[in-house]
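Peer 1: Just need the structure, nothing else, for what follows:
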Amino acid sequence: MRSSTSPILLILAVSLLAVPPSSALDYPLSDTSVRSAYFLGQRYKASSAEFLGPYTKYLPAPKTGPYIENVQLLTPFAQLVREYSRRVEDYSAQQAQLDHHGREDNIIFTVKILLTPTYSRILSPSEMSASNASNSQNLRPSIFWKNFEFRAFDDESKREPLYVSGKGDISRGKYGNCLLIGATVNLEFPASDFSSQRATFEVTGPDGQTVHADFDLASLR
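Peer 2: All right, here's what the predicted structure looks like:
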């Protein structure tokens, strides 16, 4: 029996199959998306923490070693909401659109590392021996985060960052002295590197313990 399927419908079906699936991420950001980010930023003017809640994964504390407290994934849209929530001067949606033109759409992973009683600001004897440290106070340096390994995956494909930066986090002690309590590390990737529905971020500490955070990109704007 001869098929009644139209040649035009066949061509359309084949063309649809040939089109790769679109990214779950909202990029490049349109003027409409930039305006939406602007007004959300105004809404969360006091603090963007509530908006960024779904973008942050909190991890359980380990029994020993450093504590990877959380991993945050900031999409291009989320970055704008955070940026606009922090602006205190007069700033309009129209100006936001103009400023965004020509801007690269990247993803930023932010990792929060906390020191613990078993991985404290004071180096252990074994750490002192391994590093040949000459610091008479045996203090952990603020760049300790460089001893950690950070890996990002688009589904199962590993991605390489454009930029990596970090800083030691300081708290003021009882007597006014500054104490190292942890570190914050930022890794920036092209948004085009993430075309699947899932992103995974892994952190391996100096003690070999690895933690990971999974993100459903389809649920994040």
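
Peer 1: Determine the number of other residues adjacent to the nearest residue to T118 once chain neighbours are set aside.
Peer 2: Spatial nearest neighbour of T118, excluding adjacent residues (Cβ to Cβ, 6 or more residues apart in numbering): T64 at 4.3 Å. Quick note: C-beta positions are derived from backbone N, CA and C, even for glycine. Burial measure for T64: 11 neighbouring residues, criterion other Cβ atoms under 10 Å.

Peer 1: Repeat that for Q197.
Peer 2: Q197: 16 neighbours (other Cβ under 10 Å).

Peer 1: Repeat that for the one 10 residues further on.
Peer 2: When counting by other Cβ under 10 Å, one arrives at 13 neighbours for D207.

Peer 1: picking up where we left off before, quick check, the residue nearest to T118 in contact with D207.
Peer 2: Yes: with contact defined as Cβ atoms under 8 Å, T64 counts as touching D207 (7.3 Å).

Peer 1: Give me the common contacts of those two.
Peer 2: Y119 (Cβ atoms under 8 Å, 6 or more residues apart in numbering).

Peer 1: Report the beta-bridge partners for the residue most central in space within the chain.
Peer 2: Centroid check for the chain by Cα atoms, centre = their mean gives F109 as the closest residue, at 1.6 Å. Here F109 shows beta-bridge partners L73, L187, assigned using DSSP bridges.

Peer 1: any idea of the pLDDT on it?
Peer 2: Note for F109: predicted pLDDT of 98.

Peer 1: And for P28, nearest residue in space, chain neighbours not counted?
Peer 2: D105 (5.3 Å).

Peer 1: My error: substitute R86 in the last question.
Peer 2: Spatial nearest neighbour of R86, chain neighbours left out: S48 (7.5 Å); criterion: Cβ to Cβ, 6+ apart.

Peer 1: show me where the protein has helices.
Peer 2: 7-18, 31-43, 49-52, 76-85, 93-100, 125-131 (DSSP state H).

Peer 1: Just list whatever residues bridge to the closest residue to V71 other than its chain neighbours.
Peer 2: Distances taken as Cβ to Cβ, 6+ apart put A213 closest to V71, at 3.9 Å, once the chain neighbours are dropped. As for beta bridges, A213 partners with F201 under DSSP bridges.
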